[in-house]
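Q: Pasting the sequence and the predicted model now:
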Amino acid sequence: MQVEISIRKEDRLPAGAEAALKEELEKRLFCHFADVRVRVRRGTANDVTVLGGMKTDKELVTEILQQTWESADDWFDAYQ
């Protein structure tokens, strides 16, 4: 399964945030999907795309992404 996260180019993020988000999200998603690949990129809009999964997989991925983003204060510093 491929998970692609697009973050608006206009959104300001700290240095290294995209790579840190990718690593943390992979760690959390591997608990549920052994074959997951994550890509975080800049785009024109915020979006989540799940390729190769079921409809319920996207719902779970979106929920995990939301939890990961909201808890960034807890894990982000570990990646710098």
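A: Alright, I've got the coordinates. This one's a predicted model, so the numbers in the text were calculated from it and none came from an experiment.
Q: residue ranges of the helices in this protein, please?
A: 17-30, 55-70, 72-75 (DSSP state H).
Q: Of the ones you listed, which stretch is the most buried?
A: Counting by mean count of other C-beta atoms under 10 Å, helix 17-30 has the highest mean neighbour count of these, with a mean of 17. For glycine as for every other residue, the C-beta is placed from the backbone atoms N, C-alpha and C.
Q: Who are the packing partners of that one?
A: Applying 3 or more C-beta pairs under 8 Å, 6 or more residues apart in numbering; DSSP states H and E, one finds that helix 17-30 contacts strand 2-8, strand 37-43, helix 55-70, helix 72-75.
Q: pLDDT of it, averaged?
A: In this model, helix 17-30 has a mean pLDDT of 94.
Q: hmm, who's touching stretch 49-60?
A: Contact with stretch 49-60 is made by 1-4, 6, 32-33, 48, 61, as judged by C-beta atoms under 8 Å, 6 or more residues apart in numbering.
Q: same thing but at 7 Å, please
A: Applying C-beta atoms under 7 Å, 6 or more residues apart in numbering, the set of residues contacting stretch 49-60 from outside is 1-4, 32, 61.
Q: For that stretch, output the C-alpha coordinates as PDB.
A: Taking C-alpha atoms only, stretch 49-60 is exported to PDB below (Å, rounded to 0.1, in the frame of the first residue of the first chain):
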ATOM      1  CA  THR A  49      -4.000   9.500  -1.000                       C
ATOM      2  CA  VAL A  50      -4.100   5.800  -0.200                       C
ATOM      3  CA  LEU A  51      -3.200   3.500  -3.100                       C
ATOM      4  CA  GLY A  52      -3.700  -0.200  -3.000                       C
ATOM      5  CA  GLY A  53      -5.800  -0.300   0.100                       C
ATOM      6  CA  MET A  54      -9.400  -0.700   0.900                       C
ATOM      7  CA  LYS A  55     -11.800   2.200   1.600                       C
ATOM      8  CA  THR A  56     -11.600   1.400   5.300                       C
ATOM      9  CA  ASP A  57      -7.800   1.600   5.100                       C
ATOM     10  CA  LYS A  58      -8.000   5.300   4.100                       C
ATOM     11  CA  GLU A  59     -10.100   6.100   7.100                       C
ATOM     12  CA  LEU A  60      -7.600   4.400   9.400                       C
END
